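sequence-free structure coming up:
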């Protein structure tokens, strides 16, 4: 267990450093958004491109990982939405954002740095596959559900899906996945100066992304009924990885090739991450910002303990 804490402590110490630096006035919260833009638009795309372009296509497209993560996330989405509607009588919009909170992970800013410490050989590939699931399926579906709940018209679905498709065409992470897969498929040998330049950008992603997350937590509070979001946090940090693990265990029965140990660990750990850092921002347009911000703050703090547990279990299961 001490070895696991040696991995998780630096991760959260960097997050804490970002929080204290921003809270103390060394940086403004707006500066964290600039750091986040750099990571999202340059560093992470470079990292994903490098991870995919330097591998053969058969080493990238893992049906077991994609199906496990996709259907595990969809299972949590459906259960959370139905529970919100049927058990707690929540509105369509609030139920949608509860579903988003339990089914969408912070794969880029927190998930990747942790995978680099736990399962480095497959970390970049796992991040690329998560980008496919989250950006092509989960977020467009959830935003369409939110629009439908807000406006109550079927036309809103089509409008949101069209907007999502346009955004995807400009999304740096999706473009990086597409470019990396194209290079992998064609086996083009990139010039070394290009490879080294991309690598330098990629190396900036880990620490800076964690630092930015810490700064973005400044200003969030526990005032918006923290007791009400505890079930959401528990479902995200414990239920989501269990759902992915369940689906991955069932896939071999359906004839899908089982994942390797490292990919299976990567899928479980990605699902065990806190929710998206932009969760409150997405919720703000639908009047759910306060509750979502509270959930994010509690999830970040709680994840230190739950992630340590999952990492300990994963390390014990690996040879």
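Received the coordinates, thanks. Bear in mind that the values here come from a model prediction, so they are computed numbers and not experimental data. Numbering: from 1, shown residues only.

isn't residue 241 up against residue 310?
Yes. The pair residue 241 / residue 310 is scored as a contact, 6.2 Å apart, by C-beta atoms under 8 Å. C-beta: built from backbone N, CA, C; applies to glycine.

please enumerate the shared neighbours of those two.
Taking C-beta atoms under 8 Å, 6 or more residues apart in numbering as the contact rule, residue 241 and residue 310 both touch 268-269, 272.

mind putting the residues you listed into JSON lines with secondary structure and pLDDT?
JSON lines is the format used below for those (DSSP: H, G, I helix; E, B strand; the rest coil; pLDDT from 0 to 100):
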{"residue": "268", "secondary structure": "helix", "pLDDT": "95"}
{"residue": "269", "secondary structure": "helix", "pLDDT": "96"}
{"residue": "272", "secondary structure": "coil", "pLDDT": "96"}
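
the spatially closest residue to residue 31 that is not a sequence neighbour: how many residues sit nearby?
Nearest in space to residue 31, with sequence neighbours left out and distances taken as C-beta to C-beta, 6 or more residues apart in numbering, is residue 215 at 7.0 Å. By other C-beta atoms under 10 Å, 26 other residues sit near residue 215.

so which elements touch the helix or strand harbouring residue 215?
Residue 215 is part of helix 205-216 when elements are defined by DSSP states H and E. In terms of contacts (3 or more C-beta pairs under 8 Å, 6 or more residues apart in numbering; DSSP states H and E), helix 205-216 is packed against helix 2-23, helix 29-38, helix 44-53, helix 112-118.

sorry, back to before: could you check which of residue 241 and residue 310 is surrounded by more residues?
The neighbour count for residue 241 versus residue 310, taken as other C-beta under 10 Å, is higher for residue 241 (25 against 22).

may I see the buried residues of the helix or strand encompassing that one?
Counting by DSSP H and E, the element that carries residue 241 is helix 240-250. By 16 or more other C-beta atoms under 10 Å, the buried positions in helix 240-250 come out as 240-245, 247-248.

adding distance to residue 182, write the residues you listed out as CSV.
Listed next are the buried residues of helix 240-250 as CSV, based on distance: C-beta to C-beta, whole Å:
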residue, distance to residue 182
240, 31
241, 32
242, 36
243, 32
244, 28
245, 32
247, 29
248, 28
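
right, and out of those, which lies closest to residue 69?
Closest to residue 69 out of the buried residues of helix 240-250 is residue 244 (5.8 Å), distances taken as C-beta to C-beta.

how about the closest one: what's its closest non-neighbour residue?
Take residue 244 and drop its neighbours on the chain: the residue closest to it by C-beta to C-beta, 6+ apart is residue 72, 3.3 Å away.
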